[in-house]
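>>> Build me a model from this:
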Amino acid sequence: MNRNKLNIKLLSTFGQRGSAFSVALPQILQEIPNVMLLTADMSSTGALGRFKDANPDHFINVGIAEQNLLGMAAGLAEEGWRPICVAQACFITMRAFEQARQYAGYMHNPIVLVGIDSGYSTKFMGNTHYSLEDLSLMRLIPGMNVVAPCDALQAALALEAAVKSDNPTYIRLYGMPGHPIVYTSNEAPFEIGKANILKEGKDVKIVAIGSMVNVAMKAADQLKKMGIEAEVIDMHTLKPLDTSVLNKVSLVVTVEEHRMMGGLGEAVASHYMEAGIQTKLVRMSIPDSFGTVGNVPYMLEQSGLTVEGIVSTINNNFNKE
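Next up is the predicted model:
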């Protein structure tokens, strides 16, 4: 993919899905002509229309049938295609979990599963459509890469990396057009399994994933004014986890728009325990309950996943002596 053609502000306007499928995928197809895009009736919602209209022979809409989606993708993979499956995150990971486990994981087909509308993105559609367990489910599948881009540019880069990977990959996309910019250069590094350190800091390590990276960066700016220097890590890949950046500091805080069990916080905690590293770890995530339905800011505020929430949590747990 020609990164010189990736305009950061334009990508942000398109959002993660528009950047991935309207901008990046046409370029990927030129390099990898055996790409096939399949969707469970998400052509409009997933911003797939531009690619579908320009490349009808590389597009299949299976209807609202996520399990069939994965079955067809497995057959195409066996015939040498590189399938990309797009559906709402809650359904491609929960409703089609068995198919993802068998057809992608067990059969080791290089299928790319893309979950759109992750986290609280679906707003007032409610708990039936919130996707707060998807990362933990996909993390369970042997051989599955699990990636959550933090902005529109990274979504485009993640799709390219996933299509080129020999492993099956789950990509968690978030939000709508107008997505906040985290990476300001189209030369920003991206490699599956290699985290990016966005801000240096000696006092606290904030490890964030997906939608929480931008929030963590803003929190770090506020903490600096309070005399606390926070390192911010974009852990865009949950599996394989980049443990090289998880050195010991006095306080580590993980931040994720996902349930605690099976998510980023648990993965980081497991590493520290198994490596025998003693450090204070605070995990910020979605509570183990079904919240009252609302818009995204309201839902995040319920969980303390805001700039103020992160700053308050770190201030209360940081030993200033």
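>>> Now do R259: how many residues are near it, please.
20 (other Cβ atoms under 10 Å). (Glycine included, C-beta is placed from N, CA and C.)
>>> got it, and the one 10 residues further on?
Counted with other Cβ under 10 Å, the burial measure for A269 works out to 15 neighbours.
>>> looking at this, it is in a helix?
Yes. Using DSSP: H, G, I helix; E, B strand; the rest coil, the secondary structure at A269 is a helix.
>>> Apart from its neighbours in sequence, what residue is nearest it?
Spatial nearest neighbour of A269, excluding adjacent residues (Cβ to Cβ, 6 or more residues apart in numbering): L281 at 5.7 Å.
>>> helices and strands around the helix or strand containing the one you found, which ones?
Using DSSP states H and E, L281 falls within strand 280-286. Using 3 or more Cβ pairs under 8 Å, 6 or more residues apart in numbering; DSSP states H and E, the elements in contact with strand 280-286 are strand 251-259, helix 264-275, helix 307-317.
>>> Output the contacting helices and strands for the longest one.
The reference is to helix 264-275. helix 134-139, strand 204-208, strand 237-239, strand 251-259, strand 280-286.
>>> what residue ranges in the protein score low on pLDDT?
For the chain, the stretches with pLDDT under 70 are 320-321.
>>> Domains in it, by residue range?
3-172, 196-316 (automatic domain parsing).
>>> Identify the residues contacting I141.
Residues near I141 by Cβ atoms under 8 Å, 6 or more residues apart in numbering: A100, R101, A104, G105, P168.
>>> Would you list the phi and psi of it?
phi -80, psi 120 (degrees, to the nearest 10).
>>> if I look at it, how far off is A267?
Applying Cβ to Cβ, to the nearest Å, the value for I141 to A267 is 14 Å.
>>> Equivalent analysis for I60, please.
Separation of I60 from A267 (Cβ to Cβ): 34 Å.
>>> Ok, G105 next?
Applying Cβ to Cβ to G105 and A267 gives a distance of 18 Å.
>>> ok, now T184?
Separation of T184 from A267 (Cβ to Cβ) stands at 28 Å.
>>> hang on, the earlier thing: hmm, the residue nearest to A269 is touching A267, no?
No. L281 lies out of contact with A267 (Cβ atoms under 8 Å); the separation is 11.3 Å.
>>> Looking at these two, which is more packed in?
The neighbour comparison of L281 against A267 (other Cβ under 10 Å) goes to A267, with 23 against 19.
>>> quick one: contacts for the closest residue to that one other than its chain neighbours?
Closest residue to A267 apart from its sequence neighbours, by Cβ to Cβ, 6+ apart: L241 at 5.2 Å. Going by Cβ under 8 Å, 6+ apart, L241 touches G193, M235, A267, V268, H271.
>>> Tell me what the nearest residue to the fourth one once chain neighbours are set aside is bridged to.
The reference is to V268. Leaving out its chain neighbours, the residue that sits closest to V268 by Cβ to Cβ, 6+ apart is T254, at 5.2 Å. In this entry, T254 is beta-bridged to V207, R283, by DSSP bridges.
>>> ok so, going back, among the contacts of I141, which one sits closest to H129?
A100 (18.5 Å; Cβ to Cβ).
>>> That'll do, ta.
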